[in-house]
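Colleague: got a predicted model here, sequence first, then my questions.
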Amino acid sequence: MLATRPAPDAAPAAASAPSAVPLDILRQVFGYPAFRGQQAAVIEQVCAGGDALVLMPTGGGKSLCYQVPAIARHRAGHGVTLVVSPLIALMHDQVGALEEAGVHAAFLNSTLEGEDARRIERELLGGRLVLLYAAPERILTPRFLAMLDSLHERGLLSLVAIDEAHCVSQWGHDFREEYLGLSQLHERYPTVPRIALTATADDHTRADIVERLALGEARQFVASFDRPNIRYQIVEKDEPRRQLLRFLRDEHEGDAGIVYCQSRKKVEETAAWLSDEGIPALPYHAGLDAEVRRRHQDRFLREEGIVMVATIAFGMGIDKPDVRFVAHLDLPKNIEGYYQETGRAGRDGAPADAWMAYGLVDVVNQRRMIDESPAGDEFKRLQRSKLDALLALAEAHDCRRVRLLAYFGEDSTACGNCDNCLSPPAVWDGTEAARKALSCIYRFRQHGGISFGAGHLIDVLRGKLTEKVSQHGHERLSTFGIGADLSEVQWRGVLRQLIALGHVRAEGEYNTLELSDSARAVLKGDVSVLLRVPAEAPPRRGKSSRGKSGARASGKDKPPPLPLDEPGLERFAALKAWRAEIAREHNLPAYVVFHDATLAEMARECPDSLDALAGISGVGAKKLEAYGREILRVLGH
């Protein structure tokens, strides 16, 4: 449920119950019977001319919070709503969906030819558009600002909606410098209401949004960050490709999903490898040609069962509702990034998975990137604390969801739907092993004045007489062979967790290991160290979309989001086939025409008249007029 927190000294908010106009718009235009959470309160605030800062999880209905006011205010003669959006994909999808619903919307971006752009500018200046989407770098050009000036002078600039507002924060996970200039809009048009929206922001980022966008008087709406349909699973790396392949084949045959990698090279190699394994995978990163990126993104949005292997350049603004999993082959930088990326799974509310494999190298690399960055000490300190919070989540023995929500200041109870809840990890007292490792690092410095990396440290601990060990005389150290009772894999787990706990730090180009200040207390025995035992995979959720043969399910054979009897399943398949034809004809993703949930409700209820069809959630007036009789025909009426 959405919590609301007025800003200090804010004016009293409008009444929380929605007026007839917004609710009528929701039902007639979008086909939904009621608002969710406190969408109504947000919409009332903005319709009444107030500012708002809205934090809602991905799939929580943020877009309606500005689309409904845009329509209401346009009908009242206030003109156009400007939507600030950083991504072309989001503009295309939302404009397509609005036009399908009978709302005149457009975008201005680099994909438009000159004449098309000029036509949209004429419609904008003529006050005929309800919503216009544009990127911040375009909005802040003198030409665009001159058009906004003209609209404002005539009372036709109705509302400014700033989507992905966390991009304005230098503390956040996706800072975009061009967002900083958006404060100009408030300075130039102080009477125009603004709504800033994001799916994730911790306290630092939220304060930055308020300050940099001058939203001190805005009413703040902070939703629950919980996504109960997402199952969180984090595994220790042990042949990560093999682990990923097992996860995909056991849990997600034929499903659409995203696999995140840190480097462009790894993206391309992983996509090629998955394709060789029979999984339809495409690469996506900023280094690819723009046309290739567009083509791959279009396939992901329009086709069933595509796996996108990507850097974090992909995903923000992607509205695809049936992404069934998000997998990380590398550790993200912080919890905000992790939450934002995993939130792209299961937007439709159906079960989805957030899976991540991480290991010692991930921990070392992330710490080294922070330490070697040219940023100031305060920024580095904050980034280290953010990474520490993510490492604590990865190494947790208790419920992942409780820890994730606690990071955003939200209390919760064990979810029963993460790996730690489904298969509680064994733990062991690693204090003695930790003291052995820390003592060996200390002996390196004492013996030769230099430090070494994890591989060499493990060789010495296990008593392995390598050429490097002999070269430095480390076989003569008192710590040589004192850890022979543990395997190399076990020692890597110990070192990873010591780094995660902050007792050891990795430094320099070669990731050599040094003791942190807190190591002294562990060496003295004042602090105990409880460590995870590497866990087996949790119990499988089960995969209803696979037949007995285990063969890949095709898109048309995937189960509906509602239980249906045999005739209902046949109607659902017929509706999906019809929707695919419409989507191709209109050059839109299928979910923009109708979501699976809407088709499933049609298949279950089998309405036999236009009036009955109008009662299906997701069927607005324009879609009823455009498609109603065809749908009744497909349903056999």
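Modeller: Noted; the coordinates are in hand. Residues are numbered from 1 along each chain as shown.
Colleague: pLDDT wise, what is R532 at?
Modeller: Reported pLDDT at R532 in the predicted model: 81.
Colleague: separation between it and P424?
Modeller: Remark: distance between R532 and P424 (C-beta to C-beta, to the nearest Å) = 11 Å. Placement of C-beta: from N, CA and C, glycine included.
Colleague: repeat that for L390.
Modeller: L390 is 21 Å from P424, where distance means C-beta to C-beta.
Colleague: thinking again about what came up before, between R532 and P424, which contacts overlap?
Modeller: Common contacts of R532 and P424, defined by C-beta atoms under 8 Å, 6 or more residues apart in numbering, comprise H397.
Colleague: neighbour-wise, which of these two wins?
Modeller: Ranked by neighbour count (other C-beta atoms under 10 Å), R532 and P424 place R532 first, with 19 against 13.
Colleague: I figured that one hits V427, correct?
Modeller: Yes - taking C-beta atoms under 8 Å as the definition, R532 is a contact partner of V427 at 5.9 Å.
Colleague: shared neighbours of these two, anything?
Modeller: By C-beta under 8 Å, 6+ apart, the residues touching both R532 and V427 are H397.
Colleague: quick one: buried residues of stretch 185-194?
Modeller: Going by neighbour count (16 or more other C-beta atoms under 10 Å), the buried part of stretch 185-194 is L185, H186, Y189, V192, P193, R194.
Colleague: what's the closest non-adjacent residue to the third one?
Modeller: It stands for Y189. Excluding the flanking residues, the one nearest Y189 by C-beta to C-beta, 6 or more residues apart in numbering is H152, at 5.1 Å.
Colleague: which element, helix or strand, includes that neighbour?
Modeller: helix 142-153 (DSSP states H and E).
Colleague: average pLDDT across that helix?
Modeller: 96.
Colleague: how about it: buried residues?
Modeller: Buried positions in helix 142-153, judged by neighbour count with 16+ other C-beta under 10 Å: F144, M147, L148, L151.
Colleague: tell me the one of those residues nearest R75?
Modeller: Set against R75, the nearest of those by C-beta to C-beta is L151 (16.9 Å).
Colleague: what sits against the closest one?
Modeller: Here L151 is in contact with G79, V80, L124, L125, G127, L157 (C-beta under 8 Å, 6+ apart).
Colleague: of those, closest to M602?
Modeller: For the contacts of L151, the closest approach to M602 (C-beta to C-beta) belongs to V80, at 34.0 Å.
Colleague: over to the nearest residue to D348 once chain neighbours are set aside. Which of the three states is it?
Modeller: Nearest in space to D348, with sequence neighbours left out and distances taken as C-beta to C-beta, 6+ apart, is P321 at 3.9 Å. Secondary structure, DSSP: H, G, I helix; E, B strand; the rest coil: P321 is coil.
Colleague: pLDDT value on P321, please?
Modeller: You'll see P321 listed with a pLDDT of 88.
Colleague: does it touch R347 like I think?
Modeller: Yes - the criterion here is C-beta under 8 Å, and P321 meets it with R347 at 4.4 Å.
Colleague: from the chain's centre, how far out does whichever strand or helix holds E269 sit?
Modeller: Assigned by DSSP H and E, E269 belongs to helix 264-276. Relative to its chain's centre, helix 264-276 lies at 21 Å (C-alpha atoms, centre = their mean, to the nearest Å).
Colleague: and what of stretch 206-226?
Modeller: On the basis of C-alpha atoms, centre = their mean, stretch 206-226 is displaced by 19 Å from the centre of the chain it belongs to.
Colleague: mind checking the end-to-end distance for it?
Modeller: The distance separating the two terminal residues of stretch 206-226, taken as C-alpha to C-alpha, to the nearest Å, comes to 18 Å.
Colleague: residues of that stretch that come out buried?
Modeller: Neighbour counts over stretch 206-226 (16+ other C-beta under 10 Å) mark 206, 208-210, 212-215, 218-225 as buried.
Colleague: and it, what's its mean pLDDT?
Modeller: Here stretch 206-226 scores 91 as its mean pLDDT.
Colleague: before we move on, what about stretch 334-351?
Modeller: Across stretch 334-351, the average pLDDT comes to 90.
Colleague: that older thread, which residues touch the residue nearest to Y189?
Modeller: With C-beta under 8 Å, 6+ apart, H152 has these contacts: R188, Y189, V192.
Colleague: hmm, back to that, show me what the helix holding E269 is packed against.
Modeller: Applying 3 or more C-beta pairs under 8 Å, 6 or more residues apart in numbering; DSSP states H and E, one finds that helix 264-276 contacts helix 240-251, strand 281-284, strand 307-310.
Colleague: of the ones you listed, which is nearest G483?
Modeller: Nearest of those (C-beta to C-beta): helix 240-251, 24.9 Å.
Colleague: hmm, who's touching that closest one?
Modeller: Residues from elsewhere that reach helix 240-251 (C-beta under 8 Å, 6+ apart): 235, 237, 257, 259, 270, 273-274, 277, 279, 307, 325, 327, 329, 353, 355, 357, 359, 537, 540-541, 543.
Colleague: and stretch 365-377, by the same measure?
Modeller: The contact list for stretch 365-377 (C-beta under 8 Å, 6+ apart) reads 262, 331, 333, 380, 383-384, 387, 499, 505-508, 511.
Colleague: any chance of JSON lines for those, columns secondary structure and distance to F247?
Modeller: Shown next, in JSON lines, are the contacts of stretch 365-377 (DSSP: H, G, I helix; E, B strand; the rest coil; distance: C-beta to C-beta, whole Å):
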{"residue": "Q262", "secondary structure": "coil", "distance to F247": "18"}
{"residue": "L331", "secondary structure": "coil", "distance to F247": "17"}
{"residue": "K333", "secondary structure": "coil", "distance to F247": "23"}
{"residue": "K380", "secondary structure": "helix", "distance to F247": "34"}
{"residue": "Q383", "secondary structure": "helix", "distance to F247": "29"}
{"residue": "R384", "secondary structure": "helix", "distance to F247": "30"}
{"residue": "L387", "secondary structure": "helix", "distance to F247": "24"}
{"residue": "I499", "secondary structure": "helix", "distance to F247": "25"}
{"residue": "R505", "secondary structure": "strand", "distance to F247": "31"}
{"residue": "A506", "secondary structure": "strand", "distance to F247": "28"}
{"residue": "E507", "secondary structure": "strand", "distance to F247": "34"}
{"residue": "G508", "secondary structure": "coil", "distance to F247": "34"}
{"residue": "N511", "secondary structure": "coil", "distance to F247": "28"}
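Colleague: buried residues in the helix or strand harbouring L23, which are they?
Modeller: Counting by DSSP H and E, the element that carries L23 is helix 20-25. Going by neighbour count (16+ other C-beta under 10 Å), the buried part of helix 20-25 is V21, P22, L23, I25.
Colleague: okay, whichever helix or strand comes after that helix in PDB with CA atoms only?
Modeller: Following helix 20-25 in sequence order, the next helix or strand is helix 39-47 (DSSP H and E). This file holds the C-alpha atoms of helix 39-47, laid out as PDB (Å, rounded to 0.1, in the frame of the first residue of the first chain):
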ATOM      1  CA  GLN A  39      -2.900   6.500  -7.400                       C
ATOM      2  CA  ALA A  40      -6.100   8.500  -6.800                       C
ATOM      3  CA  ALA A  41      -4.400  10.700  -4.200                       C
ATOM      4  CA  VAL A  42      -1.500  11.400  -6.500                       C
ATOM      5  CA  ILE A  43      -3.800  12.200  -9.400                       C
ATOM      6  CA  GLU A  44      -6.000  14.500  -7.300                       C
ATOM      7  CA  GLN A  45      -2.800  16.400  -6.100                       C
ATOM      8  CA  VAL A  46      -1.600  17.000  -9.700                       C
ATOM      9  CA  CYS A  47      -5.100  17.700 -11.200                       C
END
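Colleague: following helix 39-47, which helix or strand comes up?
Modeller: Sequence-wise, the next helix or strand downstream of helix 39-47 (DSSP H and E) is strand 52-55.
Colleague: quick one: the helix or strand following that next one to helix 39-47, angle?
Modeller: The helix or strand immediately downstream of strand 52-55 is helix 62-75, counting by DSSP H and E. Per axes from the mean of the first three to the mean of the last three C-alpha atoms, to 10 degrees, the angle that helix 62-75 makes with helix 39-47 is 40 degrees.
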